[in-house]
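Visitor: Got a predicted model here, sequence first, then my questions.
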Amino acid sequence: MPSVYDPKKTEEKWYDFWLEGKFFEAGKDPNKKTYTIVIPPPNVTGNLHIGHALNNTLQDILVRFKRMQGYDTLWLPGMDHAGIATQARVEAKLREEGISRHDMGREKFVEKVWEWKETYAKNIAHQWRKIGISVDYSRERFTLDEGLSNAVREVFVRLYEKGLIYRGKYIINWDPVARTALSDIEVIYKEVKGALYHMNYPLKDGSGFIRVATTRPETMLGDTAVAVHPEDERYKHLIGKTVILPIVGREIPIIADEYVDPEFGSGAVKITPAHDPNDFEIGQRHNLPQVVVMDEAGKMNENAGKYQGMDRFDCRKQIVKDLQEAGVLVEIEEHVHSVGHSERSDAVVEPYLSTQWFVKMKPLAEKAIEIQKNGKGVRFVPERFEKIYLHWIENVRDWCISRQLWWGHRIPAWYCDDCGEMTVAREEPKTCPKCQSQRLRQDEDVLDTWFSSALWPFSTLGWPEETADLKRYYPTDVLVTGFDIIYFWVARMIFMALEFVEEKPFQDVLIHGLVRDAEGRKMSKSLGNGVDPMEVIEKYGADAMRFMLSTGCTPGNDQRFRWERVEAAQHFANKIWNASRFVLMNLEGVTPEELSLSDKKLSASDRWILHRLNETIRDVTQLLERYEFGEVGRILYNFIWDEFCDWYIEFAKLPLYGEDMEAKRTTQAVLVHVLDQSLRLLHPIMPFITEEIWQHLPVAGESITIANWPTENPAYHAPEAVRDMQILIEMIRAVRNIRAEMEVAPKHQIELFVRPGMDVLPAIQNNEAAIKRLCGVKQLHVDPAMERPEKAMTAVVTGAELFLPLAGLVDIEQTIARLQAELKKLNAEVERVEKKLANPGFVAKAPQHVVEAERKKGEEYKAKREKVLARLAEMQ
RNA sequence: GGGCAGUUAGCUCAGUGGGAGAGCGCUACCUUGACACGGUAGAGGUCGUUGGUUCGAUCCCAAUACUGCCCA
């Protein structure tokens, strides 16, 4: 084994090994309990970003953990066709070649997208294996594959038949760049500096004018009324009168409607029913005409008169100029307001009147709200996200599901060219059910991508067929995802599942944060600050990346990506590697039988590390159950590095290099056991390096991926060994401290006198060799009754006094200074404890064990202080 | 406007109703038979501010300031 761990040489090898062994395939043992996760399907067009790496790592940790615990684990992989995103990218590519999708036609274009899909799906699959995820590829799904498309149709038809899907002409959010409708949540509101334009609309009777204000003056071309509040004294006399719409010349009425806020602007508003959602509703109440003045690309249409063909923003400039010249526009006021932008194209969203398909949300939401409120709902981790979810689902509006795209699930509705009848069906109808005509046309639109994603937890398991997988693995155990798609995805999966499978889709939802850049900014293409997980793996290995991502944060919180942290994780991997090298190098000629721990005589350090291993097993297991990955990482890091490597291995060198064969065997057995168990505990986080090392161990089985998860062994419970080790460690540190202060060369062996109390005497006597080795001591004298040596450096530790007669080096001044510093600390501690114990409230009300602990501490501090004072008295 | 997070060592972040922690960085020493991606010893914080609850608050509660996110 080389002295530096090289992830590149090992990672690829083991992933192939795992696949060949089919360790990740579910369903091998019907007697096992199941543990199921469905992967949040990444968009098929694109690379996995560092957020996917985090998301996948967390799931992999859970699945590997449960697999080792003996569950029949199914982690089901798959990808999403990502309608707008994918289509936009393929269109952009075609545009470079000077082709539009309309040139190609629908069929050819969709074929082209499928080609792209194949390329990118391969790419993502490759990235999955690099990250090391333990998914069951035999069950991989794609949102547009046949089974899932059947599920989509089934759901659509059933909802339609129930009256929960309808088609109608409403104001929707229109993306003029992607030229499609959007749902409410695909609109992102941003604060934008704009202006409020005040205009005087002249009354028809010549008696003056009425002032209205707007932020979108170009929409005035579509005005069909002016509205005022019915109780507004300023305008009461004008209700029912007519104004002449400037430029257009259309006569429009002044109407009264409660919706108008008399406080805002002039208290009178222009009404554009075809270009504003509120105006649309007012228009419906008052039977106003709806004049659409723009086309699908955001250009002014034939209803815009001389502005026809102009872009909406150019038109705004021109119309402002014209209105100013006409004396209609009387004031322009700076105004900050929030403007909707398309989540995908970032285009300013246009409220637009058009015919679309909708899901009626209230009845679906009700079920979800009900189970959540009576405690049978989904458990959100962290809890606070439940409120966010509930608030949304309680206020949800109908969902616009039709998209004017070609890439996606085509809406299963057909129109008869002869009688106009619409048919919604699972299979394409041959003839019109009303007039028997064969001239049927399928609806051109496709469904919102999230419609199919909403079915993911059950459609991937075979629904609507009652498959064995669906029976066995549904509902899933946990969904792991980011808070940014709670509305888009989590909420929709829940209400769809409740409607169609009548059971919630997952027990828990684990919400994680974003991975931000080192400055805390969101990673984005436009900033170019994204981190490619493949680059991280290339440089540091997947294990280091996984350790860094999964242990770098608290649940639900964002984290910053810092290369130094990946480097630290890499160093940790290397540390484990070298500790393992040490163990393996010292096993020559040992048979696996000799490594059995039973009937071995254990030393204090053996019992100590085994006791600590027990505690580590307990903590890691509990923390994983609670999704506390950050704590798991820290605990394993500290146990392996600070306790196993820094102390146990150093203690182990003595028997390993010594003559006592029995002691040597014992140490070897403990080393192998602790290493084996540590590797298992670490495997879910760092799968590659743990498999690599584990396979070198004499106790290894087929694969660590299916090795048993460690459990506590009560036989190794040894709190007294912990106490002994604490004393030894304190002593060793004190000696090293003096050596460092006195600049004693590390190679220079010294003489050490120890005057222990009777309570610590056995611990010291039993470990004299270790003390000598770790302190660089050639002669060690231990005697509870010893006389203080002349001219010696002195230290006081718990239960013992140390004397170092450093010939020619003893510095009285420095010793006094150090003892005085120690005295100062002890004084402070004693004072703090005594003050506490002097407080009758504390003694009376604090828990008994806390008071006891304080008393004990106080006594120890005082005893130590006495010794320090005695030493000082002798020297001064 | 409503809601939710965060504010702890130079930096990035953990954490706990009872003696403040890690990684990186910094200082000194050390290539000691696993590891310089290392070892040993150290320096460094009135836990945002102000009140309250409590025997005791960095932790619980309230207010407040700043930062960020979500919703309208």
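Guide: Looks like it arrived, so ask away.

Visitor: So for A:Ala26, what's the pLDDT?
Guide: At A:Ala26, the model reports a pLDDT of 93.

Visitor: Am I right that it is in a helix?
Guide: No. Applying DSSP: H, G, I helix; E, B strand; the rest coil, one finds A:Ala26 to be coil, outside a helix.

Visitor: In three-state terms, label the nearest residue to it once chain neighbours are set aside for me.
Guide: Nearest non-adjacent residue to A:Ala26, counting by CB to CB, 6 or more residues apart in numbering: A:Leu74, 3.6 Å away. (C-beta placed from N, C-alpha, C; glycine too.) Using three-state DSSP, the structure places A:Leu74 in strand.

Visitor: Quick check: A:Leu74 vs A:Asn55, distance?
Guide: 18 Å (CB to CB, to the nearest Å).

Visitor: more crowded one of the two?
Guide: Shown here are A:Leu74 and A:Asn55; by other CB atoms under 10 Å, A:Leu74 has more neighbours (25 against 22).

Visitor: Surely the more buried one and A:Lys32 touch.
Guide: No. If you go by CB atoms under 8 Å, A:Leu74 and A:Lys32 don't touch, sitting 11.0 Å apart.

Visitor: Just the closest residue of chain A to RNA strand B, please.
Guide: Closest approach between chain A and RNA strand B, counting by CB to the nearest atom of the strand: A:Gly841, at 2.3 Å.

Visitor: all helices for the stretch 1-150 of chain A, in order.
Guide: All helices of the stretch 1-150 of chain A, identified by DSSP state H, counting those that start in this stretch, fall at A:7-20, A:50-68, A:83-96, A:101-104, A:106-131, A:146-161.

Visitor: Could you point out which of those helices sits nearest A:Leu182?
Guide: The closest of the helices of the stretch 1-150 of chain A to A:Leu182 is helix A:83-96. By CB to CB, the value is 8.4 Å.

Visitor: how far is that closest one from where the chain is centred?
Guide: Counting by CA atoms, centre = their mean, to the nearest Å, helix A:83-96 is centred 29 Å from the centre of its parent chain.

Visitor: For it, buried residues please.
Guide: A:83-91, A:94 (16 or more other CB atoms under 10 Å).

Visitor: Can you name the element that comes right after the host helix or strand of A:Asn578?
Guide: A:Asn578 belongs to helix A:563-585 when assigned by DSSP states H and E. Next helix or strand after helix A:563-585 toward the C-terminus (DSSP H and E): helix A:604-625.

Visitor: Specify the angle between that following helix and helix A:50-68 in degrees.
Guide: Relative orientation of helix A:604-625 versus helix A:50-68 (axes from the mean of the first three to the mean of the last three CA atoms, to 10 degrees): 120 degrees.

Visitor: contacting residues around the helix or strand following helix A:604-625?
Guide: Next in sequence after helix A:604-625, counting helices and strands by DSSP H and E, comes helix A:629-637. Contact partners of helix A:629-637, identified using CB atoms under 8 Å, 6 or more residues apart in numbering, comprise A:58, A:61, A:547, A:550-555, A:572, A:616, A:619-620, A:623-624, A:678, A:681-682, A:685.

Visitor: Same question for stretch A:249-263.
Guide: The contact list for stretch A:249-263 (CB under 8 Å, 6+ apart) reads A:204, A:210, A:223-232, A:234-235, A:238-245, A:267-269, A:271, A:278, A:281-282, A:285-286, A:288.

Visitor: just stretch A:794-802 next, same as before
Guide: Defining contact as CB under 8 Å, 6+ apart, one finds that stretch A:794-802 is touched by A:726-727, A:730-731, A:734-735, A:737-738, A:752-757, A:759-760, A:764, A:788, A:803-804, A:815, A:818-819, A:822, A:860, A:864, A:867-868, A:871.

Visitor: mind exporting that stretch as CSV, just the C-alpha atoms?
Guide: C-alpha atoms of stretch A:794-802 as CSV (Å, rounded to 0.1, in the frame of the first residue of the first chain):
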residue,chain,number,x,y,z
THR,A,794,7.4,20.4,38.6
ALA,A,795,3.9,19.9,37.4
VAL,A,796,0.7,19.0,39.1
VAL,A,797,-1.9,16.8,37.5
THR,A,798,-5.1,15.2,38.7
GLY,A,799,-4.0,12.7,41.4
ALA,A,800,-0.3,13.1,41.0
GLU,A,801,2.8,15.3,41.1
LEU,A,802,5.5,15.2,38.4
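
Visitor: so how far is that stretch off the chain centroid?
Guide: The answer for stretch A:794-802 is 50 Å, by CA atoms, centre = their mean.

Visitor: One more: stretch A:150-161?
Guide: 32 Å.

Visitor: buried stuff in it?
Guide: Applying 16+ other CB under 10 Å to stretch A:150-161 flags A:150-157, A:159-160 as buried.

Visitor: Then stretch A:466-485?
Guide: Those buried within stretch A:466-485 under the rule 16+ other CB under 10 Å are A:469-470, A:473-483, A:485.

Visitor: what's the span of that stretch from first residue to last?
Guide: Length of stretch A:466-485, first residue to last, CA to CA, to the nearest Å: 29 Å.

Visitor: Please apply the same query to stretch A:307-314.
Guide: First-to-last residue span, stretch A:307-314, CA to CA: 9 Å.

Visitor: thinking again about what came up before, export the buried residues of stretch A:466-485 as a markdown table, with columns for secondary structure and pLDDT.
Guide: A markdown table is the format used below for the buried residues of stretch A:466-485 (DSSP: H, G, I helix; E, B strand; the rest coil; pLDDT from 0 to 100):
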| residue | secondary structure | pLDDT |
| --- | --- | --- |
| A:Asp469 | helix | 94 |
| A:Leu470 | helix | 94 |
| A:Tyr473 | helix | 95 |
| A:Tyr474 | coil | 91 |
| A:Pro475 | coil | 94 |
| A:Thr476 | strand | 95 |
| A:Asp477 | strand | 96 |
| A:Val478 | strand | 95 |
| A:Leu479 | strand | 95 |
| A:Val480 | strand | 94 |
| A:Thr481 | strand | 93 |
| A:Gly482 | strand | 89 |
| A:Phe483 | helix | 88 |
| A:Ile485 | helix | 88 |
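
Visitor: that older thread, give me the subset of the contacts of stretch A:794-802 that also touch RNA strand B.
Guide: A:Asn737 (CB under 7 Å from any atom of the strand).

Visitor: Could you turn the buried ones of the contacts of stretch A:794-802 into a PyMOL selection?
Guide: Buried residues among these (16+ other CB under 10 Å), as a PyMOL selection:
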select buried, chain A and resi 727+731+734+735+738+752+753+754+755+756+760+764+803+804+815+818+819+822+860+864+867+868+871
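
Visitor: Which of the contacts of stretch A:794-802 fall in strands?
Guide: Mapping the contacts of stretch A:794-802 onto strands (DSSP state E) picks out A:752-756, A:803-804.

Visitor: And the residues you listed, which is closest to A:Arg607?
Guide: Closest to A:Arg607, out of all of the ones in strands among the contacts of stretch A:794-802 and judged by CB to CB, is A:Pro756, at 20.1 Å.

Visitor: show me the contacts for that closest one.
Guide: Contacts of A:Pro756 by CB under 8 Å, 6+ apart are A:764, A:782, A:784, A:799-801.
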